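**Student:** Okay, predicted coordinates and the sequence, questions at the end:
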Amino acid sequence: MTRLDTLQAALQAVLGDRIKHFKRERGEITILVEAADYLAVATTLRDHADLRFEQLMDLCGLDYSAWKDEVHEGPRFCVASHLLSISHNWRVRLKVFCPDDDMPIVDSVTPVWNSANWFEREAFDLYGILFEGHLDLRRILTDYGFIGHPFRKDFPTTGHVEMRYDELSKRVIYQPVTIEPREITPRIIREDNYGGLH
């Protein structure tokens, strides 16, 4: 039995039907849980002796609105956490979808892993995902006055505003974006006998 087989058996035995979807691919295991079970599952993953995921290595938001250039059926926003067990030397990916696309909310896992603090702030800032119970949920990468969430797939690549230094007022000012969208088509030049082919 491989280490991955042992981890799979332990996850299925401990979490049971709280795992809504189980995926084993490329030597990795991903489990999907319901938002209502998210905090309890996270606590179990950390505390259960057969699992012992002591460290949260990463947490990020995902926007599935145009997943793989197709229309995604189901909730739009997801939170993915990458966990590490130092005791057992194995990893797992924990995913949860936010039930409401208009107000994406899931529980904060900062009480379980305090390393989630800035990761959850980043997911809030870039995707607009709210983390219930987070004690300091505010922007971390964009400006305080920034409007919108730039990693959402419907956010324009040019943004909504731009800033520049204004010589007259001697300060930085914000103004609507002045970039005109354009499509650049590369010019292809084909040479006779290219590559020595006749």
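**Tutor:** Noted; the coordinates are in hand. For clarity, every value in this text was computed on a predicted model and none was experimentally measured.
**Student:** In contact with the nearest residue to Pro99 once chain neighbours are set aside, which residues?
**Tutor:** Spatial nearest neighbour of Pro99, excluding adjacent residues (Cβ to Cβ, 6 or more residues apart in numbering): Ala35 at 5.2 Å. Quick note: C-beta positions are derived from backbone N, CA and C, even for glycine. Contacts were defined as Cβ atoms under 8 Å, 6 or more residues apart in numbering; by that measure Ala35 touches 96-99, 105-107.
**Student:** mind giving me TSV with the residues you listed and columns for secondary structure, pLDDT and distance to Tyr64?
**Tutor:** Listed next are the contacts of Ala35 as TSV, based on DSSP: H, G, I helix; E, B strand; the rest coil; pLDDT from 0 to 100; distance: Cβ to Cβ, whole Å:
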residue	secondary structure	pLDDT	distance to Tyr64
Val96	strand	98	13
Phe97	strand	98	8
Cys98	coil	98	10
Pro99	coil	96	13
Ile105	strand	98	16
Val106	strand	98	14
Asp107	strand	98	20
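**Student:** Show me the two of those residues that sit farthest apart.
**Tutor:** Taking Cβ to Cβ as the measure, the contacts of Ala35 reach their widest spread between Phe97 and Asp107, a distance of 12.9 Å.
**Student:** Might one say that Phe124 is in contact with Phe131?
**Tutor:** Yes - using Cβ atoms under 8 Å, Phe124 is in contact with Phe131, at 6.5 Å.
**Student:** Name the residues contacting each of those two.
**Tutor:** Counting by Cβ under 8 Å, 6+ apart, the shared contacts of Phe124 and Phe131 are Leu137.
**Student:** Spell out which helix or strand contains the spatially most central residue of the chain, please.
**Tutor:** For the chain, the residue whose C-alpha lies nearest the mean C-alpha position (Cα atoms, centre = their mean) is Gly61; its distance is 2.1 Å. Gly61 belongs to strand 55-63 when assigned by DSSP states H and E.
**Student:** Given the following helix or strand past that strand, what are its sheet partners and their directions?
**Tutor:** Beyond strand 55-63 in the direction of the C-terminus, DSSP H and E gives the next helix or strand as strand 77-85. According to DSSP bridges, strand 77-85 has the following sheet partners: strand 55-63 (antiparallel), strand 90-97 (antiparallel).
**Student:** so how far is Asp100 from Glu132?
**Tutor:** Distance from Glu132 to Asp100, counting by Cβ to Cβ, to the nearest Å: 12 Å.
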